Structures are given as structure tokens and as C-alpha cells.
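Undergrad: Coordinates only, no sequence provided:
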């Protein structure tokens, strides 16, 4: 589903990513770990096509995403879900408007929007907060809105960049639980995180970046390399 | 398609309303800029009317001695009317000239020197040119005419007034020219000011633009509401400026505008009259112009953010 081939990314003389090769299949839950500045966010940005590799190719569903035209890019973005540490909600729109926006951009009918938005809000347990503005919600609730928004198109891939970075442990687990359930429905989850306990408890595929390179890629890994197991 | 257009309009209005203070501050900023430019434009108008009225007063009088017959004078008038530079010709015979003399506030002793039996006042032809500058050429033609050769002309007022007229023409030309140059600079500054205001509004919202794109909005879906919002700034700023101008011109303040161009307060009232009678046109130009400028500014400012 996602194939990263010999990808390099540099900004001027600074090499952020070097020789990245990856293959992620449908249904996988991948945790991307590593210290700050190792290139996790850059890799995420390459996947969301906010950035283009300096060298190499990234295929998603068989299509080289570097070659997407300006008009194809919005269509690609609608097919992947993305969530961030800072939630990135439209602050001037209410919860339901934020989610409806993702449908409005692709020309969904008003009837369709009216039908789908409450359903997705129910899924993330925010049906009672639909008329609130983002600043009236807790961090965990805001992240749930962001997840609901990213799920509205039933994406095959959900990319999460430090989604629990701003959350307390209870909210963190609520979000991870939600991501886990989404993954169970068949959606690929790519989770960039610093949270050791999350990664250790998930016991799913772990890719660790060090110095812009893939340091390890384990089927059922933990946050740090376990020497005993290695 | 229809749904999308409706959504874009709705988002535009919603953004304007929900951005509260930022929208209001930007609208006021634009309105103030428009107001200053309008007052300046009015001032230019006042200057132009004043110089035009001065130029309109510039004329030339041909004083004719008693030798030629009325027929000869009529023929000369016909000749004058054929000069391409001449706009108006008015003839005053001896009786009319005397009447004018009698209307003058002069000492009665002197006045009594002139009567129907003893009238030394010359018959007079008054001429106006289409362009006051052409008076020079008209004067030349007259001195070269056969009427002049026959020594029927006693005097030509232009020969006395020439330096004053030339100076007035040069001055009024200079004032108009300066007005246009300063006006152009002023308009340019105003445009920069409006552009900057809109740029700031959009800069404040660059995060929002990035989110919209990330959610899969096309460039035109992101741009649309900003364009609507921009036109709202233009419309509201235009309306505010018109209201402010109305009161500004209606009240005594208008005198201060006119005194900058001329000390004639009648002009202030005239400007207000002109403003009132041309209101639909002025409103259309003001609102349309403000709207156009803010739409273009929004488009240009957005371009940079959409490219990212």
C-alpha cells in the first residue's frame, strides 16, 4: 500500500533523511520512533505530500505521489487521514463545521453531510459537543475532533504525527484506543510518537530512525531496542 | 457546483463575522484610507473648478472708435466669430456702454460728464476664447485684420492685461499639474496601505489555509471565501466612507477643504451639491473601486500562501 524507495531529503546542505526504504501493507499499525530531530516529522510530511523527496520515490496505492499535479493533490489528501500534535482544527468553526468542512471540500451534498457528521461524532463520543468551538474543548476532545475529521472519508491510511504529545495519560490512552479500533477496521496507521508506554503496550511494528536513517524495523517492537531480544 | 458556490459565499460571510475585531479593524483602516483619498480628490475638484472659473473670466475687449458704421462693425463681428479660437462674442453699442457706465459707482460729477448727447465711450466687443491661452493668437489676428488696418480700433484690452493673464494661466496649469502628481502618489500609497491591511489579515490566517489544504480543499475552495471576505471589506469600507463624506461635506468642515483650493465658501456648498447630485455614480465608483481593489489584494496575498 505504501512503498518508500531510496528516499533522501535535504534542506540545502542539511541531510534530514537518507536512504529510506519502507513497505507498509494494508492493516498494519506502524509506530515511528526516535529522538527529536531524527526526521520523523519530515517522513510524515513526505507521506502527506507537504514535502517532496530530494531523491527517491514514494508510492501510495501504486501511484508515485511526487508526481501528483496541483489539481490531483487535494484528491490525494482526501484519501489519507492526518492528525497532529497541535490538532490543527479550524478555530473559527464549530466541531461539526470542522468535520463537515472535510466533506464540503469534495462537494458532498448537504443531505450527505447531515447524515454522516453526527455518525462520526458519535464514534468519537463527541455528539454532545457538536456546536462547541475548538477552544471550548479539552486537548483530548480536540484530538478526537481531528480524528473524526480525518475519518470522515473512510481513509485507507491514517497518519498521526505525535497525536498524544499534548495530552495527559488518560486522554492519551483514549486516543490510542481509538486509533487501535480504527486499525482493526483495516486502516493503516502510521504513528510518529515519543511515548514509550504507548509503543511498548501496543507491541506492533516499530521503525526507529537515527540520524535520518532507519536504525531498526521490528515486527513486534518496543520503544527502545531490547538487547536481550536482539 | 451550486452547493459549492453557496458554501464559498457562506464561509466568506461567516469568516468576516467570526473574525470580529480583525475584520472591523481592517474595514475601518480601509475606510479611513478611502476617506483621505476622497477628501484629496474633492480638493482637486475644487482646485479645478476654481481655476476653470478663473479661466472663464479671462476675456478680451475690443474698443472701437466712432469712425466705422454699425454695418462695418457687424461685418467685423462676423469675422471674429469665424476665428476658430473664439468661443463667444458680445457686442455693446454706445447706449449699452453708457448704461454700464451709469451702473458704475463713480462720483456723480464724473458720471454727469457722459450723456446721450456727449458720449465719448467707445463701442465694445467682448470675446472669450475656448482656451484662454489662445487669446494671444486672437489678439494677433485682430491687429492684422483689415478692420484694424483701417484704424477703427481704439484700443485692445488684451495688450494691457497680457502679463496678468499669462501669469494666471501658468499658475493654474501648475496647480492642476501638481494636484495630479500628488494625487497619483497619494493613490499609490493608499493602494499599498489597503494591500498591506489585507496581507496582514491573510497572514494571521495562514495556519487556517494550511489546514484547509491538508483536509483536501482545492486552491479555489480556499481562495473563494477570502475573495468574498475581501469584497465585504470593500463594500463596508466604501459605505462607511460615503457616510463619513456626506457628513463631512454637509457640515462646516467642508469650508476647510475649499479654503485649501480657494477662499470661496460658495464652492464648499457647490461641492456638496455636486456630491449629492452625483451620489449614485460616486457610490458606485467608491464601492466598486474599493471592492475591486480588495479582491485583487486578497488574490495576490493569497497566491503566496497557496503556492506553499
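TA: Received, thanks. Note that the coordinates shown come from a computational prediction; the quantities given were computed from them, not determined experimentally.
Undergrad: Can you give me the neighbour number for whichever residue of chain B sits closest to chain A?
TA: At 3.6 Å from chain A, residue B:216 is the closest residue in chain B, using Cβ to the nearest Cβ. Yep, even glycine has a C-beta here, placed from its N, CA and C like the rest. Residue B:216 has 22 neighbouring residues, counting by other Cβ atoms under 10 Å in any protein chain shown.
Undergrad: what secondary structure does it sit in?
TA: With DSSP: H, G, I helix; E, B strand; the rest coil as the basis, the three-state label of residue B:216 is coil.
Undergrad: Go ahead and confirm it touches residue A:103.
TA: No: Residue B:216 lies out of contact with residue A:103 (Cβ atoms under 8 Å); the separation is 9.8 Å.
Undergrad: Touching both of these two, which residues are there?
TA: residue A:153 (Cβ atoms under 8 Å, 6 or more residues apart in numbering or on different chains).
Undergrad: related to what we said a few turns ago, just the pLDDT for the residue of chain B closest to chain A.
TA: Looking at residue B:216, its pLDDT reads 86.
Undergrad: how about it, what does it touch?
TA: Here residue B:216 is in contact with A:74-78, A:102, A:105-106, A:153 (Cβ under 8 Å, 6+ apart).
Undergrad: Let me see the backbone angles for it.
TA: With angles defined as degrees, to the nearest 10, residue B:216 shows backbone torsions of phi 110, psi 20.
Undergrad: With the one 5 residues further on instead?
TA: The phi/psi pair for residue B:221 (degrees, to the nearest 10) reads phi -70, psi -30.
Undergrad: mind listing what it touches?
TA: Contacts for residue B:221 (Cβ under 8 Å, 6+ apart) come out as A:74, A:105, B:4, B:8, B:212.
Undergrad: cutoff 7 Å now
TA: With contacts defined as Cβ atoms under 7 Å, 6 or more residues apart in numbering or on different chains, residue B:221 is in contact with residue A:105.
Undergrad: Looking at the chain, which helix is longest?
TA: Answering for chain A, as no chain was given. Looking across chain A with DSSP state H, the single longest helix is helix A:169-184.
Undergrad: please go with chain B instead
TA: As assigned by DSSP H, the longest helix anywhere in chain B is helix B:157-204.
Undergrad: helices and strands around that one, which ones?
TA: Packed against helix B:157-204 by the contact rule (3 or more Cβ pairs under 7 Å, 6 or more residues apart in numbering or on different chains; DSSP states H and E) you find helix B:20-57, strand B:60-64, helix B:135-144, helix B:279-307.
Undergrad: I'd like to know which elements the helix or strand where residue B:99 lies is packed against.
TA: For residue B:99, the host element (DSSP states H and E) is helix B:94-103. Applying 3+ Cβ pairs under 7 Å, 6+ apart, we find helix B:94-103 packed against strand B:123-129.
Undergrad: can you pull the pLDDT of residue A:74?
TA: Here the pLDDT value assigned to residue A:74 is 89.
Undergrad: separation between it and chain B?
TA: For residue A:74, the distance to chain B equals 5 Å [Cβ to the nearest Cβ, to the nearest Å].
Undergrad: Which of the three states applies to the residue nearest to the spatial centre of chain A?
TA: Nearest to the mean C-alpha position of chain A, counting by Cα atoms, centre = their mean, stands residue A:159 at 1.6 Å. Three-state assignment for residue A:159 (three-state DSSP): strand.
Undergrad: which residues touch it?
TA: With the criterion set at Cβ under 7 Å, 6+ apart, residue A:159 makes contact with A:44, A:47-48, A:80-82, A:190.
Undergrad: Show me how far stretch B:128-140 is from its chain's centre.
TA: Between the centre of stretch B:128-140 and the centre of its chain there are 24 Å (Cα atoms, centre = their mean, to the nearest Å).
Undergrad: Give me the residues contacting that stretch.
TA: B:55, B:58-60, B:83, B:85-88, B:127, B:156, B:158, B:165, B:169.
Undergrad: Stretch B:24-32 now?
TA: Residues contacting stretch B:24-32 (Cβ under 7 Å, 6+ apart): B:194, B:197, B:201, B:233, B:236-237, B:240-241, B:290, B:294.
Undergrad: Among those residues, which one sits closest to residue B:276?
TA: Nearest to residue B:276 among the contacts of stretch B:24-32 is residue B:241, at 15.7 Å by Cβ to Cβ.
Undergrad: Next, find the distance separating that closest one from residue B:38.
TA: 6 Å (Cβ to Cβ, to the nearest Å).
Undergrad: So which of the two has more stuff around it?
TA: residue B:241 (25 against 20).
Undergrad: Which residue is the nearest non-sequential neighbour of that one?
TA: Distances taken as Cβ to Cβ, 6 or more residues apart in numbering or on different chains put residue B:34 closest to residue B:241, at 4.2 Å, once the chain neighbours are dropped.
Undergrad: so what's the one you found up against?
TA: Contacts of residue B:34 (Cβ under 7 Å, 6+ apart): B:237-238, B:241, B:286, B:290.
Undergrad: farthest-separated two in those residues?
TA: B:237 and B:286 (9.1 Å).
Undergrad: Comparing the two, which residue is more hemmed in?
TA: residue B:237 (28 against 20).
Undergrad: what residue ranges in the chain score low on pLDDT?
TA: With no chain named, the answer covers chain A. A:226-230 (pLDDT under 70).
Undergrad: wrong chain, I was asking about chain B
TA: Ranges of chain B meeting pLDDT under 70: B:159, B:252-268, B:308.
Undergrad: center of it, which residue is that?
TA: Geometric centre of chain B, nearest residue: residue B:45, 2.7 Å, by Cα atoms, centre = their mean.
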